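>>> Next comes the sequence, and after it the predicted model I'd like to discuss.
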Amino acid sequence: EGGEVVVTGELSDILKSPRSITGRMLAAPLTHPFEGVRRPTRGDGLRRLRVVGAERYNLRGIDLELPLNTFTCVTGVSGSGKSTLIREVLFENLKATLARTRGRKGLVGCRGLEGWQVIDRALEVDQTPIGKTPRSCPATYIGVWDEVRRLFSKTPEARLRGYGAGRFSFNVTGGRCDYCQGQGVKKIAMNFLPDVRVRCDRCDGGRFNGETLEVKYGDKNIAEILAMSVDAAAEFFEAHPKLAHTMQLLQDVGLGYLTLGQQSPTLSGGEAQRIKLVAELSKARPRLERLHLTARHTLYVLDEPTIGLHMADVEKLIRVLHRLVDAGNTVIVIEHNLDIIAEADWVVDMGPEGGDGGGKIVAKGPPEQVMRRKRGSHTAKALAAFIGSRGSGGLVQDVAQ
């Protein structure tokens, strides 16, 4: 749905273009918080996770306290100790503690970890690829392909031929194209040059053999399902709640244009990251509520997830992070993007500078409290100017100047 030059010219031309999403975001910037109110972060009934005496690299024996079941943003200039504190100290120790592997080595980089007992799982969501081979695709990663194969195996034609769900897998022999082994492409080794991948000339990129493709669900064979966009699949599988729910999640994060069978190595880092978030959201099914089951409490860590994302994509990412928290989880984001910082329930600002001049917590609290910090916090100054410009509508004027 892209590939066009939507508008060119000066900023005023961009702002006036009805087709430009960039112009729309500049003309009507996001207001924070989206819902008009933040989650409570203080009170006797609120649970907290504490790191005691964090001391690693430039961290100077600091104590970190984070409210659980909230959206927390950790900020600070480059080299201030954000990643060291969150990823190397908090996340690694929490993951080891939950796996019950800390007994032999103990905690690394801190003296204590408190309040972790209410957390069931710790997960880091980054922009690394969801798969390294052409056989991997969004449909397999988010877990909908098993359901699709099951639907095909129940068609009259498949039952007449004795085809089970395995017949419609491109990872095992039987139904897949044996020439390309279900990848849809062939790799050609080139001397002194990188390998080249070309479309398989036996299955024409369809991944399956001719007998398998003769079986249809509705009016589509299995290869045509893989070639569907998420938007088309949402309509096609509207009568199947599980599939429709997952397709809706993919649409909500702005990935409706992807095809179900798009090869994972061709996905951008931002696309891969949002697919991972959808995979997590799809686990928080309404079925849990109907069966009166308690969802697992997961602590998610994201390190600068807005890298490479457009302003409109950042908005979608924020809404996904809120949904994770609303499902009973905790989200911790290391970030410089002011839209993310202004939307968080709790901000921890590291600094005041980088390297030897950092390693301290210089401000903490809701964004409105952090922005009132008069000294020692670069984030406070930037956040105050940012929120002030959004409130007065002066952002576009500042950009134009």
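Thanks, I have the structure now.
>>> Which pLDDT value does the model give the nearest residue to V198 once chain neighbours are set aside?
Nearest non-adjacent residue to V198, counting by Cβ to Cβ, 6 or more residues apart in numbering: K186, 5.7 Å away. (Each C-beta comes from the backbone N, C-alpha and C, glycine too.) You'll see K186 listed with a pLDDT of 86.
>>> so which helix or strand takes in K186?
Element membership of K186 [criterion: DSSP states H and E] is strand 185-188.
>>> And the contacts of that strand?
The contact list for strand 185-188 (Cβ atoms under 8 Å, 6 or more residues apart in numbering) reads 134, 179-180, 195-201, 205, 263.
>>> Against which helices or strands is whichever helix or strand comes after that strand packed?
The C-terminal neighbour of strand 185-188 among helices and strands, as given by DSSP H and E, is strand 196-199. Applying 3 or more Cβ pairs under 8 Å, 6 or more residues apart in numbering; DSSP states H and E, one finds that strand 196-199 contacts strand 185-188.
>>> For the strand it packs on, buried residues please.
Neighbour counts over strand 185-188 (16 or more other Cβ atoms under 10 Å) mark 185-186 as buried.
>>> List the neighbouring strands of it plus their orientation.
Under the criterion DSSP bridges, strand 185-188 sits next to strand 196-199 (antiparallel) in its sheet.
>>> that older thread, turn the contacts of strand 185-188 into JSON lines, including neighbour count.
JSON lines is the format used below for the contacts of strand 185-188 (neighbours: other Cβ atoms under 10 Å):
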{"residue": "P134", "neighbour count": "25"}
{"residue": "Y179", "neighbour count": "13"}
{"residue": "C180", "neighbour count": "24"}
{"residue": "D195", "neighbour count": "8"}
{"residue": "V196", "neighbour count": "11"}
{"residue": "R197", "neighbour count": "16"}
{"residue": "V198", "neighbour count": "11"}
{"residue": "R199", "neighbour count": "13"}
{"residue": "C200", "neighbour count": "20"}
{"residue": "D201", "neighbour count": "10"}
{"residue": "G205", "neighbour count": "19"}
{"residue": "Q263", "neighbour count": "18"}
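>>> Would you convert the residues you listed into JSON lines that also reports distance to R372 and pLDDT?
Listed next are those as JSON lines, based on distance: Cβ to Cβ, whole Å; pLDDT from 0 to 100:
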{"residue": "P134", "distance to R372": "53", "pLDDT": "78"}
{"residue": "Y179", "distance to R372": "66", "pLDDT": "90"}
{"residue": "C180", "distance to R372": "61", "pLDDT": "89"}
{"residue": "D195", "distance to R372": "57", "pLDDT": "78"}
{"residue": "V196", "distance to R372": "58", "pLDDT": "83"}
{"residue": "R197", "distance to R372": "55", "pLDDT": "82"}
{"residue": "V198", "distance to R372": "60", "pLDDT": "88"}
{"residue": "R199", "distance to R372": "59", "pLDDT": "88"}
{"residue": "C200", "distance to R372": "62", "pLDDT": "89"}
{"residue": "D201", "distance to R372": "66", "pLDDT": "89"}
{"residue": "G205", "distance to R372": "58", "pLDDT": "88"}
{"residue": "Q263", "distance to R372": "49", "pLDDT": "87"}
